[in-house]
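Student: Sharing a model prediction with you, sequence too.
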Amino acid sequence: MNFLKSAISPLAAMVAAGVLAAGPSSAEGNWPAPGKNITLVLPFAAGSGTDTTTRIISKDLGKALGTGIVIENKPGANGSIAASYVARSEPDGYTIFVTTNTSHSANPYLLKNMTYDPIKDFTPIARTGDLPFMLVIDPKLPVNSVADLIALAKKEPGKYSYASGSSSAIVSGATFATLAGIDLLHVPYKSSPPALTDVIAGRVSMMFVDVLTGLPHVKGGALKALAVTTKQRSALLPQLPSMDEAGVKGFDITSWQGYLGPANLPKDIVTKLNAEIRKIVETPSVKQELAERGMEAFSGTPESFEKFLKEQLVVWEKLIRDAKIEKQ
């Protein structure tokens, strides 16, 4: 390095520095490059709530940016596989993470070995809304309410089980067992669709699942819904009581969704993505389509999303501690 410094004249060094400084800005200004796709990486399988809502938003996002959008599902390890992949990707705007509280709020308190830092390794782009969860059961169980389910579980401790395909489902199930004082067996899955399949088949007793994934099965009679996990009733399912209202006092769990890039994603790319995502999410027809699939859509600035992410770490640390869940 010393040799190079001595061999380059001050003027040449200034020119070289100027070229290097201008390089990234110029590249960012041409983002996205013609014919180059943007990949949205998801931590859950196809058919999950996050997958379905992302496909709705991505249609308009591709049009707005004038490029193709590729959705890549990388389920497993509680979202860690997808999160680590994005964290190690180039911060060039072509690899974006669409995720939830599973990877960015709960995992630091659920996993002994974290392969990424949810704050330092990512650039917040935009929050896109909340995906309320609901408690669904095998309809063959002789219960019609949360109180009935608790009574049944207390009558036969250890006989009944709950499936999970995300951190929200894990924490919801453990919180339910703790607050209700019942003994439930936890059966984990890589993602919600296969977990739901086993509940429908009667191999697992119950599950907390996002409304989008579970509602079609409830409407078809394959599952019975008992309550939503939010503190108040959801406007999307006004007929269902909240868990708190149903007698499990203090139960309040919401799953959020948002877009993040790798750390050091250029500011102008963040600004452009945020602006387009916010326009799409606030479009009445899109908002309605998402609502029909169980998502309460809204957005905000990258700065507000970053603040929210830090706050949610505190919220989920308490939820997991109170539910007495040990790190795996």
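Tutor: Everything's here; your move. Numbers count the residues shown, from 1 in each chain.

Student: Now do the strands in this protein.
Tutor: 38-42, 69-73, 95-100, 122-131, 133-137, 161-164, 185-188, 206-210, 224-228, 255-262, 296-297 (DSSP state E).

Student: Go through the ones you listed and name the closest to residue 327.
Tutor: The closest of those to residue 327 is strand 185-188. By C-beta to C-beta, the value is 13.9 Å. In short, each C-beta sits where N, CA and C put it, glycine included.

Student: partners of that closest one in the sheet?
Tutor: In the sheet, strand 185-188 lines up against strand 161-164 (parallel) (DSSP bridges).

Student: what pLDDT, on average, does the partner strand get?
Tutor: Taken as a whole, strand 161-164 has a mean pLDDT of 96.

Student: Likewise for stretch 192-205?
Tutor: 94.

Student: Can you tell me which of the strands of the chain is nearest to residue 88?
Tutor: Judging the strands of the chain by C-beta to C-beta, what sits closest to residue 88 is strand 255-262, at 7.5 Å.

Student: That closest one: how far from the chain's middle?
Tutor: Counting by C-alpha atoms, centre = their mean, to the nearest Å, strand 255-262 is centred 6 Å from the centre of its parent chain.

Student: Leaving out chain neighbours, which residue sits closest to residue 109?
Tutor: Computed as C-beta to C-beta, 6 or more residues apart in numbering, the closest residue to residue 109 that is not its neighbour in sequence is residue 320, at 4.3 Å.

Student: In this structure, what residue spans correspond to helices?
Tutor: Remark: helices assigned in the chain by DSSP state H are 2-7, 10-29, 49-65, 80-87, 101, 107-110, 146-155, 167-180, 192-200, 211-219, 267-282, 284-292, 302-322.

Student: any idea which of the strands of the chain is most buried?
Tutor: strand 206-210 (a mean of 30; mean count of other C-beta atoms under 10 Å).

Student: just to revisit the earlier point, to residue 249, which of the strands of the chain lies closest?
Tutor: The nearest among the strands of the chain, by C-beta to C-beta, is strand 224-228 at 12.7 Å.

Student: where does this protein dip in pLDDT?
Tutor: 1-29 (pLDDT under 70).

Student: Next, name the residue at the spatial heart of it.
Tutor: residue 100 (1.6 Å; C-alpha atoms, centre = their mean).

Student: ok, now which ones touch the spatially closest residue to residue 253 that is not a sequence neighbour?
Tutor: Counting by C-beta to C-beta, 6+ apart, the nearest residue to residue 253 once its immediate chain neighbours are dropped is residue 229, at 4.4 Å. Shown in contact with residue 229 (C-beta atoms under 8 Å, 6 or more residues apart in numbering): 132-135, 168, 172, 208, 242-243, 251-254.

Student: With residue 237 instead?
Tutor: Residue 237 makes contacts with 132, 134, 211, 215, 225, 228, as judged by C-beta under 8 Å, 6+ apart.

Student: now those in JSON lines, with distance to residue 192?
Tutor: Shown next, in JSON lines, are those (distance: C-beta to C-beta, whole Å):
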{"residue": "132", "distance to residue 192": "14"}
{"residue": "134", "distance to residue 192": "12"}
{"residue": "211", "distance to residue 192": "11"}
{"residue": "215", "distance to residue 192": "12"}
{"residue": "225", "distance to residue 192": "15"}
{"residue": "228", "distance to residue 192": "16"}
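
Student: Closest one to residue 263 out of these, please.
Tutor: residue 132 (30.4 Å).

Student: how many neighbours does the closest one have?
Tutor: Residue 132 has 25 neighbours, counted by other C-beta atoms under 10 Å.

Student: is it true that residue 215 touches residue 294?
Tutor: Yes: applying C-beta atoms under 8 Å, one finds residue 215 in contact with residue 294, separated by 5.9 Å.

Student: out of those two, which sits in the more crowded spot?
Tutor: Of the pair residue 215 and residue 294, residue 294 is the one with more neighbours under other C-beta under 10 Å, namely 25 against 21.

Student: can you pull the contacts of the residue lying closest to the more buried one once chain neighbours are set aside?
Tutor: Leaving aside its sequence neighbours, residue 294 sits nearest to residue 211 (C-beta to C-beta, 6+ apart; 3.1 Å). By C-beta under 8 Å, 6+ apart, the contact set of residue 211 is 49, 131-134, 228, 234, 236-237, 293-295.

Student: In those residues, find the pair that's most separated.
Tutor: 228 and 293 (15.3 Å).

Student: need the contact list for the nearest residue to residue 325 once chain neighbours are set aside.
Tutor: Leaving aside its sequence neighbours, residue 325 sits nearest to residue 174 (C-beta to C-beta, 6+ apart; 5.0 Å). Going by C-beta under 8 Å, 6+ apart, residue 174 touches 186, 320, 323-325.

Student: would a markdown table of the contacts of residue 211 with distance to residue 155 be doable?
Tutor: Shown next, in a markdown table, are the contacts of residue 211 (distance: C-beta to C-beta, whole Å):
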| residue | distance to residue 155 |
| --- | --- |
| 49 | 33 |
| 131 | 33 |
| 132 | 30 |
| 133 | 26 |
| 134 | 24 |
| 228 | 25 |
| 234 | 30 |
| 236 | 33 |
| 237 | 28 |
| 293 | 37 |
| 294 | 32 |
| 295 | 37 |
